[in-house]
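S.K.: Below: sequence and its predicted model.
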Amino acid sequence: MKVISGAAAWLRAARAGDLGPPDFDLDLGTGMFSRGWWPKAAACALLVAAALWAGGRIEPIREAVPVSFTPSQREDAAVFAIGPLAGGGQTGGIARVDARQMRPLAEAPERPRVERSLTIGRRGLAAALRNAGVGSSDVAAVVQMLAGINPGSGRAELVLGRRETRSVPRPLEQLALRAAFDLKVEISRRDGELALKRIPIAVDQTPLRVEGVAGRSLNRTLRSAGIPSGQAAEFVKHMRYIVDFQRGLGKSDRFDIIIEQDRAETGEVRHGKLLFGALTRRNKSKVEIGLFKGDYYQANGEGVTRGLMRTPVDGARMTSGFGMRLHPLLGFSRMHQGVDFGAGTGTPIMAAGGGTISFAGWHGGHGQYVMVRHNKDLATAYAHMSRIAVKPGQKVRQGQIIGQVGSTGMSTGPHLHYEVWLRGRPANPVSLRFVGGAELTGRDLNEFQRQMNQWRTLPESRQPMPAAAD
């Protein structure tokens with residue numbers, strides 16, 4: 001009765017237009033059989049009917065039946081399938097190709113171009129090009145183009161082009177090499193002919209200047225500062241003529257050196273001659289040398305290479321001077337006819353000047369002993385050597401190695417006993433002075449001093465300066 005009365009009430013409200021705003025809430029569990037419940041029930045019924053109607057009109061999706069392979073098709077497809085070899089799989093095998101579709105090649109195909117990098121050895125560029133497969137006509141053309149240019153033993157990059165058959169060499173398409181420190185050349189083929197292109201390389205020729213503290217070994221300090229070994233040895237060699245390294249050079253003394261330097265824009269660096277050198281000692285006195293017309297001179301124009309080298313052994317300290325002294329082994333005073341330089345066994349000993357070996361061998365308390373006769377009035381002697389590197393009658397030049405430091409004979413330890421004999425009498429090597437030699441005057445002296453002033457004002461090169469080598 002309640003359902004009938006509720007439906008009648010809803011119909012009366014609908015005729016009177018008193019249903020209110022539409023309610024889209026389709027929850028049929030609340031307010032059952034009320035006036036607002038019937039629209040929701042009608043909407044649900046319509047939705048269910050629409051779904052049943054639509055579902056009956058859709059055709060089912062049926063699975064397609066694959067087409068079976070013929071036996072030959074199945075065998076060909078097995079190559080591309082993944083399966084165990086024991087089960088007849090051919091995974092990784094080679095697909096069979098109908099022999100009727102294959103045509104033999106006359107020769108294996110070649111790459112259209114070949115790029116190679118070659119080293120120019122002692123036999124020269126022409127031999128290197130021939131070894132790389134360049135034809136004789138192209139080699140001859142390259143040699144003619146580079147006439148007057150010596151590439152040395154550097155490297156070259158070349159490109160070989162396509163050839164018609166294997167019986168002829170590949171044509172040279174491009175060749176690039178460093179012809180000189182300041183020049184690069186490229187040879188390329190244009191319209192069938194080889195053409196040369198010169199590419200200049202900018203070079204900065206600012207000399208290299210390095211200053212620092214001498215330390216215990218000037219030579220090692222120079223090398224650790226970036227000075228090449230040859231220029232460092234040249235600096236020490238010329239300074240030895242002026243400075244007594246064993247007495248006049250201290251660890252706190254300062255050096256100043258300028259050498260030739262060429263720096264290419266491509267990054268390469270090469271060094272040349274020693275241009276300027278200076279040593280500033282503890283008492284602020286300075287010794288300077290400079291290169292002028294192939295020779296080295298002091299700041300006042302006096303030649304450097306004159307007389308004897310003051311220090312015939314490198315890296316040593318004078319331990320005993322010239323004159324009367326208490327002999328360390330004999331225990332009484334005795335004339336010391338030379339000077340002693342303390343150095344390690346095996347340290348090279350150099351000839352203080354050029355001359356002829358007048359004696360080389362055992363000499364009593366001197367042990368292994370060498371005497372060099374420089375002229376009729378002058379001779380030098382070297383004692384207590386561990387090894388002799390010369391023979392009597394042999395000619396030696398100044399600075400040549402004649403032996404090694406040792407402790408033979410009457411010696412308390414490894415050292416060099418160095419003597420200078422002048423007109424048959426021993427002379428003090430430290431105080432001995434020599435006159436003569438080259439000397440600049442007039443216009444040459446003025447030009448040399450202008451050059452020295454330019455070197456003195458040259459700024460120091462911007463590079464890290466390591467500590468002195470101890």
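M.R.: Everything's here; your move.
S.K.: Going along the chain, name the helices of the stretch 351-470 of the chain.
M.R.: 442-456 (DSSP state H, counting those that start in this stretch).
S.K.: which stretches of it have low pLDDT?
M.R.: By pLDDT under 70, the low-scoring segments of the stretch 351-470 of the chain are 433-438, 462-470.
S.K.: where's residue 76, which helix or strand?
M.R.: Residue 76 belongs to helix 71-77 when assigned by DSSP states H and E.
S.K.: Would you point out which residue is most central in the chain?
M.R.: The residue lying closest to the centre of the chain (CA atoms, centre = their mean) is residue 268, at 9.5 Å.
S.K.: dump the residue contacts of that one.
M.R.: Counting by CB atoms under 8 Å, 6 or more residues apart in numbering, residue 268 touches residue 181. C-beta: built from backbone N, CA, C; applies to glycine.
S.K.: how about 10 Å then?
M.R.: Taking CB atoms under 10 Å, 6 or more residues apart in numbering, we find residue 268 in contact with 178, 181, 182, 201, 203, 262.
S.K.: before we move on, the earlier item: starting at the chain centroid, how far to the helix holding residue 76?
M.R.: Distance of helix 71-77 from its chain centroid, counting by CA atoms, centre = their mean, to the nearest Å, is 63 Å.
S.K.: if you skip the residues just before and after it, what's nearest to residue 31?
M.R.: Nearest residue to residue 31, sequence neighbours excluded (CB to CB, 6 or more residues apart in numbering): residue 37, at 5.1 Å.
S.K.: Could you report the neighbour count for that neighbour?
M.R.: 18 (other CB atoms under 10 Å).
S.K.: if we can go back for a sec, any idea of the pLDDT on the residue nearest to the centre of the chain?
M.R.: Note on residue 268: pLDDT of 88.
S.K.: same thing with residue 323?
M.R.: Residue 323 is given a pLDDT of 68.
S.K.: and if you look at residue 194?
M.R.: At residue 194, pLDDT is 89.
S.K.: wait, residue 229 sits on residue 259?
M.R.: No: at 11.9 Å, residue 229 and residue 259 do not qualify as touching, with contact defined as CB atoms under 10 Å.
S.K.: picking that back up, can you tell me which of the contacts of residue 268 end up in strands?
M.R.: 178, 203, 262 (DSSP state E).
S.K.: now that we have the residues you listed, which one has the most neighbours?
M.R.: Neighbour max across the ones in strands among the contacts of residue 268 (other CB under 10 Å) = residue 178, 20 neighbours.
S.K.: Next, the contact list for that residue, please.
M.R.: Residue 178 neighbours (CB under 10 Å, 6+ apart): 120, 151-152, 154-156, 184-185, 199, 201, 264, 266, 268.
S.K.: re the thing from before, common neighbours of residue 229 and residue 259, please.
M.R.: Residues within reach of residue 229 and of residue 259 at once, by CB under 10 Å, 6+ apart, are residue 222.
S.K.: out of these two, which sits in the more crowded spot?
M.R.: Between residue 229 and residue 259, counting by other CB under 10 Å, residue 259 is the more crowded of the two (25 against 10).
S.K.: I'd guessed that one sits against residue 225; true?
M.R.: No: counting by CB under 10 Å, residue 225 is not a contact partner of residue 259; they are 11.2 Å apart.
S.K.: Residue 84 versus residue 69, what's the distance?
M.R.: Residue 69 is 19 Å from residue 84, where distance means CB to CB, to the nearest Å.
S.K.: Between those two, point out the one with more neighbours.
M.R.: residue 69 (12 against 8).
S.K.: phi, psi of that one?
M.R.: The phi and psi torsions at residue 69 (degrees, to the nearest 10) take the values phi -80, psi 150.
S.K.: The closest residue to it other than its chain neighbours: neighbour count?
M.R.: Spatially, and ignoring its direct neighbours in sequence, residue 69 is nearest to residue 77 (6.5 Å; CB to CB, 6+ apart). Neighbour count for residue 77, taken as other CB under 10 Å: 12.
S.K.: looking at it, the residue nearest to residue 31 is touching residue 43, isn't it?
M.R.: No: Residue 37 is beyond contact range of residue 43, at 11.0 Å (criterion: CB under 10 Å).
S.K.: and residue 174, what element?
M.R.: Counting by DSSP H and E, residue 174 is part of strand 172-180.
S.K.: what comes up buried for that strand?
M.R.: Within strand 172-180, the residues scored as buried using 16 or more other CB atoms under 10 Å are 172, 173, 174, 175, 176, 177, 178, 179.
S.K.: and which of these is nearest residue 366?
M.R.: Set against residue 366, the nearest of the buried residues of strand 172-180 by CB to CB is residue 178 (55.9 Å).
S.K.: Bridged to that closest one, which residues?
M.R.: Beta-bridge pairing for residue 178 (DSSP bridges): residue 184.
S.K.: tell me, what's touching residue 259 and residue 225 both at once?
M.R.: With CB under 10 Å, 6+ apart, residue 259 and residue 225 have common neighbours 210, 232.
S.K.: Kindly indicate which of the contacts of residue 268 lies nearest residue 129.
M.R.: Nearest member of the contacts of residue 268 to residue 129, counting by CB to CB, is residue 178, at 15.5 Å.
S.K.: Distance of the closest residue to residue 403 other than its chain neighbours relative to residue 394?
M.R.: Once flanking residues are discounted, residue 403 sits nearest to residue 385: 4.2 Å by CB to CB, 6+ apart. The gap separating residue 385 from residue 394 is 15 Å, by CB to CB.
S.K.: quick one: which of the two has more around it?
M.R.: Ranked by neighbour count (other CB under 10 Å), residue 385 and residue 394 place residue 385 first, with 25 against 14.
S.K.: Contacts only, for that one.
M.R.: Residue 385 neighbours (CB under 10 Å, 6+ apart): 345, 349, 360, 366-370, 402-409, 416-417.
S.K.: Out of the residues you listed, list just those in strands.
M.R.: 349, 360, 368, 369, 370, 402, 403, 404, 405, 416, 417.
S.K.: With that, I have no additional questions.
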